[in-house]
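Chemist: give me the fold of what follows.
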Amino acid sequence: ADFNYGADEYDAEGNEEPKALPEGSETMPYIDESPTMSPQLSARGQESGDGVSPTPTDGLSTGGEREAGKGLEMRKLVLSGFLASEEIYINQLEALLLPMKPLKATATTSQPVLTLQQIETIFYKIQDIYEIHKEFYDSLCPKVQQWDSNITMGHLFQKLASQLGVYKAFVDNYKIALETAEKCSQSNYQFQKISEELKVKGPKDSKESHTSVTMEALLYKPIDRVTRSTLVLHDLLKHTPADHPDYPLLQDALRISQNFLSSINEDIDPRRTAVTTPKGETRQLVKDGFLVELSEGSRKLRHVFLFTDVLLCAKLKKTAVGKHQQYDCKWYVPLADLVFPSPEESEHCPQVHVIPDHELEDMKMKISAIKSEVQKEKANKGQSRAIERLKKKMFENEFWLLLNSPAIPFRIHNRNGKSYLFLLSSDYERSEWREAIQKLQKKDLQAFVLSSVELQVLTGSCFKLRTVHNIPVTSNKDDDESPGLYGFLHVIVHSAKGFKQSANLYCTLEVDSFGYFVSKAKTRVFRDTTEPQWNEEFEIELEGSQSLRILCYEKCYDKTKLNKDNNEIVDKIMGKGQIQLDPQAVQTKNWHMDVIEMNGIKVEFSMKFTSRDMSLKRTPSKKQTGVFGVKISVVTKRERSKVPYIVRQCIEEVEKRGIEEVGIYRISGVATDIQALKAVFDANNKDILVMLSDMDINAIAGTLKLYFRELPEPLLTDRLYPAFMEGIALSDPAAKENCMMHLLRSLPDPNLITFLFLLEHLKRVAEKEPINKMSLHNLATVFGPTLLRPSEGESKAHLTLASDIWSHDVMAQVQVLLYYLQHPPISFTELKRNTLYFSTDV
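Modeler: Numbering: from 1, shown residues only. Predicted coordinates for the structure are as follows:
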């Protein structure tokens, strides 16, 4: 492992030779790889005196030592390498500050080189950054030099992370600082000479005493440094035992750094990927990624490259093994000719064929089932050929999902006639592409036509310059990469501030699953305000998720702008932001409050996470009062009813005013509303009916689901669960019919009558599928696990991997409910009359 972060071979100009990345690896956000942009200085090749830079073998424990010991030794290596590069960084900052004093001294004379204002702009915050790092280095150095396993230094990293606000100020000023330095260089020869050759001290043990570096290169260093520090925190955490006192401090520092990085990534535009056109102009790669294009009626996966003056759509050519891979250009549009058609203009564009939800859900189930097979094969030391075969199948299924799930249109039009249509799964992504293009279009761009040679050169450069190497499917992940989170994320969106004028505002939440982002929840619209207070809670199911995105919109009520195309989102994005879901940080029982900053807007939210195996548990209730968590037989007996009052009332309300609601039972209700309804049903409050009639319909649907989920044992009972699983797996239709009907007969009466009552209701909901988009399959997916999932004692036997139990069991639970939903009407009396000559002992 190379622990000399940012410290590679350097020559007299301070230029580094960029390292080739291993195939398939992703760069961390904005690690600068451009030799023109940020010459990096070296700590490698030092003589090992009493310096802090180790040789790779220094201090590594022998094979017989415990893992923890090895981890602590690795910590020393990581820290030593980082310290060496920290020394270089401090020397670079010193070199940058060196001319500041004499420049300030001349500023007040009759012949100033620069004005005080210009000095302030160019060197903004450099002194503060220098002092922060000098103090950090001076505190860390003795700890590393007098190393022992009990040393703690997490507080130093936590303090460093807490001072990132200074970097934010530096980043915000960075472009102006560069422009000012450039203008001053052009107008003042003296300053030009100073800024072209700043002398940077070599490391203590280096044979070189100084190197010359340009001011532009040194001004980029602080931006580069945050990424390096984040990388080091990753490595330190990896090699720090979870029970070490440093662990929570490093975790906190990493969370702060990652949030900071994702907030500044949109603000900086590092010139790291440049290609020269035959005319000698520099054309830089600004953004690239995989998008689905609708071409001649079918969906195709494309790799799209956005350069400073052109958008290029390509696909990877099929090449023989061992041959260098190449891209094939499908089309390109010069940015000077590129326009985004308005919704009205795009009406004549081809309509998007949307794949039904249940097909996508089926495919997710298949993928999860294959994943658990792979895990089992690995656990049983299975044949690598069998594992490879499963992985290939998984890739094919994930690829299908990636191709078929996006439905949000992103239209691009060339002024000279042709239009193109991409489909995206996330509005966040669409807005990122649109903003990146519009930002470049603000420059003075010329229209042009590329000759075939120029196009060949540009397409040829794509392979080398691309920053996204792999199709975003989980089968492309390494085994040691984080599998993401499986379970439920509870998010409360509190409020937002920073809006310049009143507007109708709402937020949506997106999480990634199966390699792409999808919108999972939406707050209500807060009307005519600059400080919306939503305070809404959502429960979001995570399927291998690693990030949460929040988008803030202004609601559009203008009828002329509303497009006939369902998926066209015409509301204006006011801001957007993203945070990493760090498994260690999120998995606490307590709420964790956070703020996402976006375009000057701050959105406050809290979150907590429940892992899937925790959320699968039904906890037996000790109470006999109320209705939630109480046996259904106790409730019906107490109420002298056949079906619990809560079930009848919620169903009646949904049928009265929610049966045409899009996504009824699938879209989360506001958690606080659901809790309020739960409380009034438990207290048997006389105001229940008034409250129900005023309540948002998704909250009422959520209350019904919660009631079934909190039953101490599932509605279809623990005792019969194994038999339901076996019955649904039967192949012979007659045998399956006999078995499935017999199982219903075996249910206690309150359970059976309630189940049949719910079944007829769900069938009525599905009859409105053209309007509410809820098919029988969708409803079975929502209710199957809720009605069948075994309670605590039963599920212990099934618990293996969180995603494993989910895939196999859930698939069968959905199929059981779907079987009854697709069955002709079943009446209680008919069932009881047709008792077959079966043993009732199932």
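Chemist: pop the domain breakdown of this structure in here.
Modeler: 66-267, 274-351+407-476, 485-615, 618-835 (the TED database).
Chemist: so where is the stretch 551-700 of the chain shaky, pLDDT-wise?
Modeler: Where the stretch 551-700 of the chain drops to pLDDT under 70, the residues are 558-569, 584-588, 612-624.
Chemist: helices of that one, residue ranges please.
Modeler: Assigned by DSSP state H, counting those that start in this stretch, the helices in the stretch 551-700 of the chain fall at 583-586, 612-615, 632-639, 645-657, 671-683, 688-694, 697-709.
Chemist: same thing with the stretch 201-350 of the chain?
Modeler: 215-238, 246-264.
Chemist: those into TSV, with extra columns for mean neighbour count?
Modeler: C-beta: built from backbone N, CA, C; applies to glycine. Listed next are these as TSV, based on neighbours: other C-beta atoms under 10 Å:
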stretch	mean neighbour count
helix 215-238	21
helix 246-264	20
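Chemist: my guess is residue 237 meets residue 251, correct?
Modeler: Yes - in this structure, residue 237 is within contact of residue 251 by C-beta atoms under 8 Å, at 6.5 Å.
Chemist: what sits against residue 610?
Modeler: For residue 610, the contact set (C-beta atoms under 8 Å, 6 or more residues apart in numbering) comprises 487, 488, 490.
Chemist: quick one: secondary structure of the second one?
Modeler: Per DSSP: H, G, I helix; E, B strand; the rest coil, the secondary structure class of residue 488 is strand.
Chemist: pull the number of nearby residues for it.
Modeler: 17 (other C-beta atoms under 10 Å).
Chemist: give me whichever of the helices of the stretch 551-700 of the chain is most buried.
Modeler: Of those, the one with the most neighbours on average (mean count of other C-beta atoms under 10 Å) is helix 697-709, at a mean of 22.
Chemist: can you list contacts of that helix?
Modeler: Here helix 697-709 makes contact (C-beta under 8 Å, 6+ apart) with 618, 627-628, 644, 646-647, 650-651, 653-654, 657-658, 661, 664-665, 667-671, 673-674, 677-678, 681, 692, 714-715, 782-783, 786-787.
Chemist: do stretch 94-105 as well
Modeler: Contacts to stretch 94-105, defined as C-beta under 8 Å, 6+ apart, come from residues 113-114, 116, 119, 123, 126-127, 130, 191, 194, 198-201, 213, 215, 218-219, 221.
Chemist: at 10 Å instead, please
Modeler: 112-116, 118-120, 122-123, 126-127, 129-130, 134, 184, 190-191, 194-195, 198-201, 210-213, 215, 217-219, 221-222 (C-beta atoms under 10 Å, 6 or more residues apart in numbering).
Chemist: residue closest to the middle of the protein?
Modeler: In the chain, the centroid-proximal residue (C-alpha atoms, centre = their mean) is residue 547; its distance is 2.4 Å.
Chemist: residue contacts, that residue?
Modeler: Residues in contact with residue 547 (C-beta under 10 Å, 6+ apart) are 258, 262, 484, 510, 511, 512, 517, 578, 579, 580, 581.
Chemist: for residue 433, list the residues it contacts.
Modeler: By C-beta under 10 Å, 6+ apart, the residues touching residue 433 are 287, 289, 291, 304, 306, 311, 410, 412, 422, 424.
Chemist: now the helix or strand harbouring it: mean pLDDT?
Modeler: Mapping residue 433 onto the secondary structure by DSSP states H and E places it in helix 427-441. Averaged across helix 427-441, pLDDT comes to 92.
Chemist: got a list of what residue 440 touches?
Modeler: Residues in contact with residue 440, defined by C-beta under 10 Å, 6+ apart, are 269, 284, 286, 287, 306, 307, 308, 309, 310, 311, 335, 338.
Chemist: next one: the longest helix seen in the chain to chain centre, how far?
Modeler: If you go by DSSP state H, the chain has its longest helix at helix 67-97. The chain centre lies 30 Å from the centre of helix 67-97; the measure is C-alpha atoms, centre = their mean, to the nearest Å.
Chemist: same deal with stretch 325-345?
Modeler: Counting by C-alpha atoms, centre = their mean, stretch 325-345 comes out at 27 Å from the chain centroid.
Chemist: pretty sure residue 657 sits against residue 694.
Modeler: No - when contacts are counted by C-beta atoms under 10 Å, residue 657 is not listed as touching residue 694 (11.3 Å).
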